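# give me a 3D structure for the following:
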Amino acid sequence: MQELNTQDSQIKEIKIEEKKNQLGNPGPSLTFIFTMLTMEFWGIYAGIFTGPTIMAVGVVQIACFIPYLIGAILFFCKGDSTNGNVFLIFATLFGGVGGLTNITIGFSNIMGWQICTQMTALPFILGGISILPVLWVIRKSADKVTVICYLAATCFLTLTGFVSLNILSANWNPFIQWFGLIVTITGLYSCLNGLLLGGGSRGIPVGEPFFK
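I've put the predicted structure just below:
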């Protein structure tokens, strides 16, 4: 009996050591960043952040670029190309392109300069379209909350680009605002679920996959 207990103890120690050597899951923290930045965009469309205040939003976006980039690299190191590519795209759009653009807009408002931001429309449109293959790949494995979040993000990005290019009128801005709010709510919910699961909890209901 003593020998069996010793063997069980050794097996547990090996499992603990193996777990320590594994890379953790950066998903919840990256989802938090994604949710936080989308909430900032929602604030712009809702009229909460206007004028020079937009520069502060841009600074927040730039500050999130490096953590975003680190998280994407961690996913690549784990062999998860899907999440690695998704968050690298988000880092580029929300952190880099969006951040520098909003800083420029805020600075131009202070200086009284006229600025055209249509050059940022194409990256956002292409970024939205790039989420569609991801949705196809995860259609049988992702929970409903994640799928709804990604679908709303796709609509948010593409519509933002189309309005910027004047392909769609500004009447679409309320829809963009609502899609941003949906992304914020579902993203935060998914983040909380991920943190609970990472700590060994059962998590909260997120729904079964739409397809099986």
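
# so which bits of stretch 167-182 are buried?
Neighbour-count burial for stretch 167-182 flags L168, I176, Q177, F179, G180, L181, I182 (criterion: 16 or more other CB atoms under 10 Å). Using the backbone N, CA and C atoms, a C-beta is placed for each residue, glycine as well.

# nearest to I125, of the residues you listed?
Set against I125, the nearest of the buried residues of stretch 167-182 by CB to CB is L168 (11.1 Å).

# how close does the residue nearest the centre of the chain get to V59?
With distances taken as CA atoms, centre = their mean, F34 lies nearest the centre of the chain, 3.2 Å away. Counting by CB to CB, to the nearest Å, the separation of F34 from V59 is 17 Å.

# and if you look at Y150?
On the measure of CB to CB, Y150 and V59 end up 27 Å apart.

# so the two - more neighbours on which side?
Y150 (20 against 14; other CB atoms under 10 Å).

# ok, that one touching I131?
Yes. With contact defined as CB atoms under 8 Å, Y150 counts as touching I131 (5.5 Å).

# what about the helices in the chain?
For the chain, applying DSSP state H gives helices covering 2-21, 27-45, 53-77, 81-90, 98-111, 121-137, 144-164, 173-198.

# redo those as CSV? Include distance to G207 and mean pLDDT.
Below are the helices of the chain laid out as CSV (distance: least, CB to CB, whole Å; pLDDT from 0 to 100):
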stretch, distance to G207, mean pLDDT
helix 2-21, 28, 51
helix 27-45, 16, 90
helix 53-77, 23, 90
helix 81-90, 19, 90
helix 98-111, 29, 87
helix 121-137, 15, 92
helix 144-164, 3, 94
helix 173-198, 11, 94
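
# okay, these in JSON lines with distance to F210 next?
Formatted as JSON lines, the helices of the chain follow (distance: least, CB to CB, whole Å):
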{"stretch": "helix 2-21", "distance to F210": "32"}
{"stretch": "helix 27-45", "distance to F210": "19"}
{"stretch": "helix 53-77", "distance to F210": "23"}
{"stretch": "helix 81-90", "distance to F210": "17"}
{"stretch": "helix 98-111", "distance to F210": "29"}
{"stretch": "helix 121-137", "distance to F210": "10"}
{"stretch": "helix 144-164", "distance to F210": "6"}
{"stretch": "helix 173-198", "distance to F210": "14"}
